[in-house]
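# Give me coordinates for this.
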Amino acid sequence: MNIQDYYIHGFVNNRPAAIDITDVRKRYRGKVDALKGVNLNVPKGAIFGLLGPNGAGKSTLLKILLTIIRPNSCRGVMLGHPIGHKPTLARVGYLPEHVRFPEYLTGRQVIRYAAGLSGVCSKFCRKREEELLDFVGMTAWSGKKLSTYSKGMKQRIGLAQALVNDPELVFLDEPTDGVDPQGRKEMRGVLKSLSEQGRTVFVNSHLLGELELVCDRVAILNKGEIVRQGSLDELTSAASKYRIHYLGHIGRELQHELEKRGNIKVRPSTLDFETDKSEVVQPVIDLLRSHHVVIEEVRKNKQTLEDLFIDTVNVSSRGGRK
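Now for the predicted structure:
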């Protein structure tokens with residue numbers, strides 16, 4: 001894909017794409033295919049989650065986009081320029097998995113260290129570091145050495161250094177790994193703030209519950225191939241179903257009338273619908289009320305991201321597609 005193709009095809013749901021890649025392949029020595037022709041679209045300003053089991057190729061894909069690993073093939077663009085365009089990387093931030101900085105450095109010094117590696121001028125860095133320390137909630141600890149930090153505090157400083165160059169696109173590899181629940185909640189708030197600022201956030205994580213709370217779109221990678229991608233609503237709505245909780249007992253006549261409809265499973269205290277259409281449920285509510293059945297709750301159950309992930313990976317591993 002050349003740069004002219006980007007302006008024709010580089011959109012996701014009418015939003016410009018921050019990343020638009022096709023046919024990404026990587027074969028390691030020993031003929032191990034880590035990536036087998038990945039196609040991926042990430043809209044600008046989105047929080048995008050890349051999911052996959054261990055060994056799926058998530059980190060390999062991320063490192064190819066950052067030019068850390070050389071692919072066997074990769075066509076596409078990032079922030080409007082071909083993958084590998086060096087000046088574009090100056091507009092990108094990166095928090096690696098298991099990031100390590102010298103323990104004798106303070107949090108503030110880590111940010112300055114990252115600024116120097118990124119070519120950020122010292123004058124801009126001085127102003128930027130104060131903003132970042134406040135943004136990640138580490139101002140009070142900025143003068144203390146990393147050796148005194150908890151895992152969550154180190155991740156916050158890691159995120160701050162990833163933002164020191166004021167990037168448009170931020171790659172975060174397992175940003176909440178090993179972080180306690182309170183720290184994960186705070187990290188979710190930070191990610192949402194980044195998106196509200198207009199930045200694109202690309203998160204690689206195995207914590208599906210965390211991603212479900214913040215991501216606009218996700219892609220599922222399995223055995224080097226993207227098997228599903230889209231918005232969370234798009235991917236989970238197909239499995240959405242209604243359930244009615246009722247009190248008391250349903251007589252044989254009413255049960256027979258309900259079962260004749262063909263899309264309802266009658267169980268003690270619940271009616272389960274094989275549909276997400278409210279117009280199918282409403283007449284059943286009227287029917288129950290006409291038989292003086294007490295309706296306790298009507299709920300639309302959506303498939304969770306974890307359920308979607310497990311189902312998709314299982315089908316993909318058996319050689320099928322959903």
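
# Please count neighbours and contacts with C-alpha atoms only from this point.
Fine.

# got a list of contacts for stretch 145-160?
95, 99, 102-107, 110-111, 132-133, 136-138, 175-176, 178-180, 183, 187 (C-alpha atoms under 8 Å, 6 or more residues apart in numbering).

# Put the alpha carbons of it into CSV.
Taking C-alpha atoms only, stretch 145-160 is exported to CSV below (Å, rounded to 0.1, in the frame of the first residue of the first chain):
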residue,chain,number,x,y,z
LYS,A,145,14.6,6.2,43.6
LEU,A,146,12.9,3.5,41.6
SER,A,147,14.2,1.0,44.2
THR,A,148,11.6,2.3,46.6
TYR,A,149,8.7,2.1,44.1
SER,A,150,6.0,-0.5,44.0
LYS,A,151,5.2,-2.2,40.7
GLY,A,152,2.3,0.1,40.0
MET,A,153,4.4,3.2,40.6
LYS,A,154,7.0,1.9,38.2
GLN,A,155,4.3,1.4,35.6
ARG,A,156,3.1,5.0,36.1
ILE,A,157,6.6,6.3,35.5
GLY,A,158,7.0,4.0,32.6
LEU,A,159,3.8,5.5,31.1
ALA,A,160,5.1,9.0,31.8
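
# buried set for that stretch?
145-146, 149, 152-160 (16 or more other C-alpha atoms under 10 Å).

# May I ask you to name the longest helix in this structure?
What stands out as the longest helix in the chain, according to DSSP state H, is helix 181-196.

# Counting by contacts, list what the following helix or strand past that one packs against.
From helix 181-196 onward toward the C-terminus, using DSSP states H and E, the following helix or strand is strand 200-204. Judged by 3 or more C-alpha pairs under 8 Å, 6 or more residues apart in numbering; DSSP states H and E, the packing partners of strand 200-204 are strand 47-51, strand 169-173, helix 181-196.

# One more pass at 7 Å, please.
strand 47-51, strand 169-173 (3 or more C-alpha pairs under 7 Å, 6 or more residues apart in numbering; DSSP states H and E).

# Residues contacting the longest helix of the chain, please?
Outside helix 181-196, the residues that touch it by C-alpha atoms under 7 Å, 6 or more residues apart in numbering are 45-47, 152, 176, 201, 214.

# For residue 39, what are phi and psi?
phi -120, psi 130 (degrees, to the nearest 10).

# Against residue 24, how distant is it?
Residue 39 sits 7 Å away from residue 24, going by C-alpha to C-alpha, to the nearest Å.

# what about the two, which has more around it?
Shown here are residue 39 and residue 24; by other C-alpha atoms under 10 Å, residue 24 has more neighbours (22 against 18).

# so what's that one closest to, chain neighbours aside?
Taking C-alpha to C-alpha, 6 or more residues apart in numbering, and ignoring the residues beside it in sequence, residue 24 has residue 74 as its nearest neighbour in space, at 4.3 Å.

# partner residues bridging residue 299?
residue 243 (DSSP bridges).

# What about it, how many residues nearby?
11.

# ok now do it, which residues does it touch?
242-244.

# which ones are touching the residue nearest to the spatial centre of the chain?
The centroid of the chain falls nearest to residue 49 when counting by C-alpha atoms, centre = their mean (1.8 Å). By C-alpha under 7 Å, 6+ apart, the contact set of residue 49 is 202-204, 211, 215, 217-219.

# Format those as JSON lines; extra columns: distance to residue 19.
Formatted as JSON lines, the contacts of residue 49 follow (distance: C-alpha to C-alpha, whole Å):
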{"residue": "202", "distance to residue 19": "10"}
{"residue": "203", "distance to residue 19": "13"}
{"residue": "204", "distance to residue 19": "15"}
{"residue": "211", "distance to residue 19": "19"}
{"residue": "215", "distance to residue 19": "16"}
{"residue": "217", "distance to residue 19": "13"}
{"residue": "218", "distance to residue 19": "13"}
{"residue": "219", "distance to residue 19": "13"}
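
# Show the end-to-end separation of stretch 138-154, please.
Span of stretch 138-154 from end to end, C-alpha to C-alpha: 10 Å.

# what's the answer for stretch 20-38, then?
By C-alpha to C-alpha, one end of stretch 20-38 lies 11 Å from the other end.

# do stretch 38-49 as well
Using C-alpha to C-alpha, first and last residues of stretch 38-49 are 15 Å apart.

# Let me see the mean pLDDT of that stretch.
The predicted model assigns stretch 38-49 a mean pLDDT of 94.

# from the buried residues of stretch 145-160, which is closest to residue 120?
Ranked by distance to residue 120 (C-alpha to C-alpha), the buried residues of stretch 145-160 are led by residue 160 at 13.8 Å.

# so which helix or strand takes in the closest one?
Here residue 160 is assigned to helix 151-162, by DSSP H and E.

# Could you find the closest non-adjacent residue to residue 82?
According to C-alpha to C-alpha, 6+ apart, the nearest residue to residue 82 is residue 76 (5.8 Å).

# Please state the offset of the helix holding residue 160 from the chain centre?
19 Å (C-alpha atoms, centre = their mean, to the nearest Å).
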